[in-house]
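[1] Have a look at this fold, sequence not included:
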Ligand code: FES
């Protein structure tokens with residue numbers, strides 16, 4: 001039934017301007033309900049008697065939650081701006097503080113939202129009049145009378161909730177919602193404020209543990225045997241044709257430094273997939289321009305960190321020569337310099353240039369020539385090779 005078709009008995013659907021202007025807010029609200037075919041079956045003010053102890057207690061409860069939201073919002077801002085967030089290894093000084101950073105973000109931000117929600121629910125339960133109403137559904141847009149009476153209904157709800165005269169609730173709500181409104185955009189945009197290239201060539205997004213500390217430093221490929229003091233370096237004969245192994249960087253200067261040895265396994269950009277192609281597959285390889293000599297014979301090494309959102313691209317499918325990322329199903333073609341052929345990733349997995357040194361070990365012949373991991377804002381293209 002459209003608005004025009006409605007004909008509620010005893011209700012004038014087309015009051016004149018003068019009639020509307022002469023009606024009180026209460027009358028307009030009542031008219032609005034009737035025009036909307038709303039039958040109010042039961043209605044009772046929560047606090048017919050003003051200033052009772054129970055009423056004050058209810059107001060204090062609501063204010064408490066809004067105030068808690070404000071305090072949580074401020075705490076979130078404090079944690080976000082000042083808490084130490086940079087990665088620390090287990091056992092390293094500051095590890096416990098770093099470890100608490102993410103839980104504290106969630107705790108303070110979550111508490112701010114939760115408290116606003118609880119405050120709003122309490123207002124509905126303790127301040128807005130109790131009411132049971134039944135409304136028929138209608139199609140079509142609202143006419144001018146409906147709009148005017150709807151505004152009156154909303155104002156009536158505000159007035160009868162008695163919020164207007166409760167400054168403690170108003171101020172605490174403004175504190176809670178205001179702080180939350182400030183904290184939200186900071187949480188969203190805060191991470192983008194820092195310039196990722198502030199350190200030039202040594203910027204964290206440019207470098208990894210595969211980056212030589214000095215020119216000519218040898219960086220070995222090392223397998224993880226489960227013990228950080230077991231230095232198992234990789235030779236070409238260690239991997240059968242058709243095989244793949246995840247390897248990590250090793251520098252001689254780390255040999256007796258358990259912290260650096262552990263870090264080389266744990267650093268997010270360390271894992272590299274070393275793939276030994278069968279000759280028949282290697283004959284079909286298309287090399288990337290500028291990276292024609294990055295392989296060593298039939299050995300190819302690609303960063304394991306997905307260029308979509310940094311999951312480990314761990315699944316090597318020998319039959320199709322594809323690397324699969326389990327997170328969002330990106331697939332990379334090993335025979336085409338690990339370029340993405342399916343899924344959301346848009347960038348090939350960076351390739352590590354390989355060589356074999358005079359001792360017969362596989363080594364990195366230089367650093368990666370492009371940033372590892374997901375694409376990011378202002379990611380530069382290649383840089384000059386260091387080999
Ligand atoms: S992180 Fe690999 S596909 Fe999304």
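    Ah, there it is. All values reported here derive from a predicted model rather than from experimental measurement. Numbering: from 1, shown residues only.
[2] what does the stretch 251-387 of the chain have sitting close to the ligand?
    Contacts of the stretch 251-387 of the chain with the ligand, taken as C-beta under 6 Å from any ligand atom, map to 306, 308-309, 311, 325, 327-328, 330, 343-345. Every C-beta, even on glycine, is put in place using the N, C-alpha and C of the backbone.
[3] Now list the buried members of these.
    The neighbour-count test (16 or more other C-beta atoms under 10 Å) marks 306, 308, 311, 325, 327, 330, 343, 345 as buried among those.
[4] Number of residues surrounding the residue lying closest to residue 37 once chain neighbours are set aside?
    In space, and not counting its chain neighbours, residue 37 is closest to residue 136: 4.1 Å by C-beta to C-beta, 6 or more residues apart in numbering. Residues lying near residue 136 (other C-beta atoms under 10 Å) number 11.
[5] now the one helix or strand in the chain whose mean pLDDT sits lowest: how far from the chain's centre is it?
    Least confident helix or strand, the chain: helix 25-35 with a mean of 80, by mean pLDDT, DSSP states H and E. Centroid separation between helix 25-35 and its chain, computed with C-alpha atoms, centre = their mean, to the nearest Å, is 46 Å.
[6] same check, this time on stretch 214-221
    Per C-alpha atoms, centre = their mean, the centroid offset for stretch 214-221 relative to its chain is 36 Å.
[7] Quote the end-to-end distance of that stretch.
    Taking C-alpha to C-alpha, to the nearest Å, the first and last residues of stretch 214-221 lie 18 Å apart.
[8] swap in stretch 203-212?
    Termini of stretch 203-212 sit 14 Å apart (C-alpha to C-alpha).
[9] Same question for it: list its buried residues.
    So, applying 16+ other C-beta under 10 Å, buried residues of stretch 203-212: 205-212.
[10] For those, point out the one with the lowest pLDDT.
    Minimum pLDDT across the buried residues of stretch 203-212 is recorded for residue 205, with 81.
[11] what residues are up against it?
    By C-beta atoms under 8 Å, 6 or more residues apart in numbering, the residues touching residue 205 are 196-197, 371, 376, 379.
[12] Can you lay out those as a markdown table showing distance to residue 231 and pLDDT?
    Below are those laid out as a markdown table (distance: C-beta to C-beta, whole Å; pLDDT from 0 to 100):
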| residue | distance to residue 231 | pLDDT |
| --- | --- | --- |
| 196 | 33 | 71 |
| 197 | 34 | 75 |
| 371 | 28 | 88 |
| 376 | 33 | 70 |
| 379 | 34 | 69 |
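[13] for those, which one is nearest residue 263?
    When the contacts of residue 205 are ranked by distance to residue 263 (C-beta to C-beta), residue 371 comes first, at 19.6 Å.
[14] residue ranges of the strands in the chain, please?
    Ranges of strands in the chain, per DSSP state E, are 38-44, 130-135, 219-223, 232-233, 244-250, 272-276, 299-303, 315-317, 322-324, 331-333, 339-342, 354-356, 362-364.
[15] nearest to residue 62, of those?
    Residue 62 lies closest, by C-beta to C-beta, to one member of the strands of the chain: strand 130-135, at 16.5 Å.
[16] The closest one packs against which elements?
    In terms of contacts (3 or more C-beta pairs under 8 Å, 6 or more residues apart in numbering; DSSP states H and E), strand 130-135 is packed against strand 38-44.
[17] Partner strands of the strand it packs on, with direction?
    Using DSSP bridges, the strands paired with strand 38-44 in its sheet are strand 130-135 (antiparallel).
[18] Outside of the strand it pairs with itself, list whatever touches it.
    Counting by C-beta under 8 Å, 6+ apart, residues outside strand 130-135 touching it are 33, 36-46.
[19] For those residues, work out which two are farthest apart.
    Across those, the longest distance by C-beta to C-beta is 26.0 Å; it joins 37 and 46.
[20] So for stretch 224-234, what gets flagged as buried?
    So for stretch 224-234, counting by 16+ other C-beta under 10 Å, buried means 224, 228, 233-234.
[21] quick revisit: and the strands of the chain as CSV, adding mean pLDDT and distance to residue 262?
    Listed next are the strands of the chain as CSV, based on pLDDT from 0 to 100; distance: least, C-beta to C-beta, whole Å:
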stretch, mean pLDDT, distance to residue 262
strand 38-44, 83, 67
strand 130-135, 86, 63
strand 219-223, 97, 12
strand 232-233, 96, 15
strand 244-250, 96, 11
strand 272-276, 97, 17
strand 299-303, 98, 20
strand 315-317, 93, 26
strand 322-324, 96, 26
strand 331-333, 97, 29
strand 339-342, 95, 32
strand 354-356, 97, 25
strand 362-364, 97, 20
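[22] Redo the ones you listed as CSV? Include distance to residue 155.
    Putting those into CSV (distance: least, C-beta to C-beta, whole Å) gives the following:
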stretch, distance to residue 155
strand 38-44, 16
strand 130-135, 16
strand 219-223, 72
strand 232-233, 76
strand 244-250, 66
strand 272-276, 66
strand 299-303, 61
strand 315-317, 61
strand 322-324, 59
strand 331-333, 59
strand 339-342, 57
strand 354-356, 74
strand 362-364, 71
